[in-house]
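1. Quick check, what structure comes out for this input:
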Amino acid sequence: MNRSLLLGLAGAVAVVVLFLVFRSNGNDSSSTTTASTAPATTTTTTAAAKQTVIAIAVRKARPVGGIKHAQVKQGEQVALVVTSPDTTDEVHLHGYDLHSDIENGNARINFKATIAGRFEAELESHGVQILDLEVTP
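-> As a prediction, this is how the structure comes out:
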């Protein structure tokens, strides 16, 4: 075979392998996504209970900084807080089947992480994933 053809073929294989290694769980409908370097979660302690807050900013129907990645322990109280001054949509946490409309620039879903696994939250009407949540046992 021609050496340049072999190099081209090797390059194509490398691109496919890298794509498979670095892609999300396959449910992301956006064409390009970058992981955020900002912390996706904060833990707020109150006298009543400990709660993990996952804050996501959305602009033009896209998560600022890319899809947030968060991990919580099964049994934790969690608040998913989405802020967006320019997007009207419903936030849907799949697997838990929880929904909240973005009203006045904010949506909040409070829940107890009772189901272990990986879950995504998306802007339902736009079909855009905004969160990759892992609940560990």
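
2. those strands in the chain, which residues are they?
-> 41-45, 50-59, 62-63, 68-73, 77-83, 90-93, 98-101, 106-112, 117-123, 128-136 (DSSP state E).

3. want to throw the ones you listed into TSV with mean pLDDT?
-> Listed next are those as TSV, based on pLDDT from 0 to 100:
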stretch	mean pLDDT
strand 41-45	47
strand 50-59	96
strand 62-63	97
strand 68-73	97
strand 77-83	98
strand 90-93	98
strand 98-101	97
strand 106-112	97
strand 117-123	97
strand 128-136	98
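
4. Would you mind giving those as CSV with mean neighbour count added?
-> In short, each C-beta sits where N, CA and C put it, glycine included. Shown next, in CSV, are the strands of the chain (neighbours: other Cβ atoms under 10 Å):
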stretch, mean neighbour count
strand 41-45, 12
strand 50-59, 18
strand 62-63, 22
strand 68-73, 17
strand 77-83, 20
strand 90-93, 19
strand 98-101, 14
strand 106-112, 15
strand 117-123, 20
strand 128-136, 20
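
5. List the residues that contact Thr83.
-> Taking Cβ atoms under 8 Å, 6 or more residues apart in numbering, we find Thr83 in contact with Ala55, Ile56, Ala57, Val58, Gly105, Asn106.

6. Ok, Arg118 next?
-> Arg118 touches Asn25, Asp132, Leu133, Glu134, Val135, counting by Cβ under 8 Å, 6+ apart.

7. Now for the residues you listed: which two are most distant?
-> Asn25 and Val135 (14.0 Å; Cβ to Cβ).

8. re the thing from before, pick the one among the contacts of Thr83 closest to Gly127.
-> Nearest to Gly127, judged by Cβ to Cβ, of these is Val58 at 13.5 Å.

9. is it true that that closest one touches Thr87?
-> Yes: the criterion here is Cβ atoms under 8 Å, and Val58 meets it with Thr87 at 5.2 Å.

10. mind listing what Val78 touches?
-> By Cβ under 8 Å, 6+ apart, Val78 lies in contact with Gln51, Thr52, Val53, Ile54, Val72, Asn110, Phe111, Lys112, Ala113.
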